[in-house]
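[1] Sharing a model that was predicted from the sequence below.
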Amino acid sequence: MAQRHEVVVVGSVNADLVIGVDRRPAPGETVLGTDLATYPGGKGANQAVAAARLGGRAAILGRIGDDGHGALLRDALAAAGVDLSHLSVTPGPSGVALITVDTGGDNSIIVSPGANARLVPADAERARDLLAGAAVVSFQLEIPLETVAAAARTAAAAGARIVLNLSPPAELPAGVLELCDPLVVNEHEAAFLLGHRDEPAAMAHGLLDRGPRSVLITLGAAGALAADASGVTAVPSPEVEAVDTTGAGDAFTAALCLRLARGDGLADAARYAVRVGAAAVRKPGAQSSYPAAGDPLPG
């Protein structure tokens, strides 16, 4: 089947409810914050929007609720140029993320899945042509794991490249890890899979031993490590002043997927992705911070 999309994202669509704080509260503590701001978000939607804004042909397989948040989320995806032919509406609430952002730009997030929990394997079957027509299909874990597995197997069988961001971390269904090319994790997620923390390069080798075809470990301001059978490559990130890190990892993954779809090798794709991720931390919000094609990137 001819490729209709460079990147298809199978994942969550959330409303991000964001409050700024001087510091995040300890257990049992109350702190004052800024006015509540509502942004379109969700790891899946963020990646689809970021890929589209970078000039990619992007689509999403996901679900939103029939509430006001759902309308906001659909409008944001449409405005970015994302193909919404497989974005379905579920009775009830949309997914919501409750986010606090401190003065250093670091965040803490609680996700209420809402409609995302209703994305089922049958949705993946109905989207078989969409998945088969993609160069790269990107996954995260804010939707049911059985849906991730079903869609990943369908896409891989059709020849698509599978990129999976293990966030939030969870044990994957049998056979899914072996499809990942790459598996994208931060250091916490890598330690979850391995059962221990180590130097990033050692964790990259340990993850490869678990079965993925390649691995990419994100290291925040330090950049990333790209690892495959040829070895481990350090990819430094340009220095920027962080305002809000919300969604920066999604911008990174979207940029990575887009460059892989266009034929870049893993390390070269990661070099572009760290620049896009660095650009995204310079502004508040997730999707609102993403660069467009042609925007100057740091570094």
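    Arrived safely, thanks for sending.

[2] use CA for all of it now, contacts and neighbours both
    Will do.

[3] Which helix or which strand is home to the residue nearest the centre of the chain?
    When CA atoms, centre = their mean is applied to the chain, the residue found nearest the centroid is D250 (3.7 Å). Per DSSP states H and E, D250 falls inside helix 248-261.

[4] got a list of contacts for that helix?
    Contacts with helix 248-261, where a contact means CA atoms under 8 Å, 6 or more residues apart in numbering, come from 6-7, 43, 46-48, 50-51, 54, 56, 135-138, 163, 165, 184, 266, 269-270, 272-278, 280-281, 286, 290.

[5] List the buried residues for stretch 11-27?
    Neighbour counts over stretch 11-27 (16 or more other CA atoms under 10 Å) mark 11-21, 23-24 as buried.

[6] one step back: where's the residue nearest to the centre of the chain relative to C257, distance?
    D250 sits 10 Å away from C257, going by CA to CA, to the nearest Å.

[7] What of R24?
    As for R24, its distance to C257 is 33 Å (criterion: CA to CA).

[8] quick revisit: could you point out which element follows the helix holding D250?
    helix 266-280.

[9] ok, and what's touching that next one?
    Outside helix 266-280, the residues touching it (CA under 8 Å, 6+ apart) are 221, 223-224, 226, 233, 235-240, 245, 247-257, 259-260, 286, 289-291, 297-299.

[10] Dump it to PDB, restricted to CA.
    Taking Å, rounded to 0.1, in the frame of the first residue of the first chain, the C-alpha atoms of helix 266-280 are listed here in PDB:
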ATOM      1  CA  LEU A 266      18.700   6.900  14.300                       C
ATOM      2  CA  ALA A 267      21.500   9.200  15.500                       C
ATOM      3  CA  ASP A 268      20.900  11.800  12.800                       C
ATOM      4  CA  ALA A 269      17.100  11.800  13.600                       C
ATOM      5  CA  ALA A 270      18.000  12.200  17.300                       C
ATOM      6  CA  ARG A 271      20.200  15.200  16.600                       C
ATOM      7  CA  TYR A 272      17.300  16.900  15.000                       C
ATOM      8  CA  ALA A 273      14.900  15.800  17.700                       C
ATOM      9  CA  VAL A 274      16.900  17.200  20.600                       C
ATOM     10  CA  ARG A 275      16.900  20.600  18.900                       C
ATOM     11  CA  VAL A 276      13.100  20.500  18.500                       C
ATOM     12  CA  GLY A 277      12.700  19.300  22.200                       C
ATOM     13  CA  ALA A 278      15.000  22.200  23.300                       C
ATOM     14  CA  ALA A 279      12.800  24.700  21.400                       C
ATOM     15  CA  ALA A 280       9.700  23.400  23.100                       C
END
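
[11] That one vs helix 248-261, what angle?
    Computed by axes from the mean of the first three to the mean of the last three CA atoms, to 10 degrees, the angle separating helix 266-280 from helix 248-261 equals 140 degrees.

[12] what's the spacing between helix 266-280 and its chain's center?
    Between the centre of helix 266-280 and the centre of its host chain there is 13 Å, according to CA atoms, centre = their mean, to the nearest Å.

[13] how about the buried residues of stretch 11-27, which pair is most distant?
    Spatially, the most separated pair among those is G11 and R23, at 30.3 Å (CA to CA).

[14] Now do the strands in the protein.
    Secondary structure of the chain (DSSP state E): strands at 5-10, 14-20, 37-41, 58-65, 83-90, 95-101, 107-112, 134-139, 161-165, 180-186, 215-218, 224-228, 231-235.

[15] A132 is in contact with A158, isn't it?
    Yes - if you go by CA atoms under 8 Å, A132 and A158 touch, sitting 5.1 Å apart.

[16] Of the two, give the one with the bigger neighbour count.
    A132 (23 against 17; other CA atoms under 10 Å).

[17] show me the contacts for the closest residue to L219 other than its chain neighbours.
    Excluding the flanking residues, the one nearest L219 by CA to CA, 6 or more residues apart in numbering is N186, at 6.3 Å. N186 makes contacts with 217-219, as judged by CA under 8 Å, 6+ apart.

[18] Can I get those in CSV including distance to L72, neighbour count and pLDDT?
    Shown next, in CSV, are the contacts of N186 (distance: CA to CA, whole Å; neighbours: other CA atoms under 10 Å; pLDDT from 0 to 100):
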residue, distance to L72, neighbour count, pLDDT
I217, 32, 27, 98
T218, 30, 25, 97
L219, 32, 18, 96
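
[19] Looking at these, spot the one nearest A170.
    Of those, the one sitting nearest to A170 (CA to CA) turns out to be I217, at 16.2 Å.

[20] who does N107 bridge with?
    Note on N107: beta-bridge partners V101, judged by DSSP bridges.

[21] gap between G55 and A15?
    Taking CA to CA, one finds G55 at 24 Å from A15.
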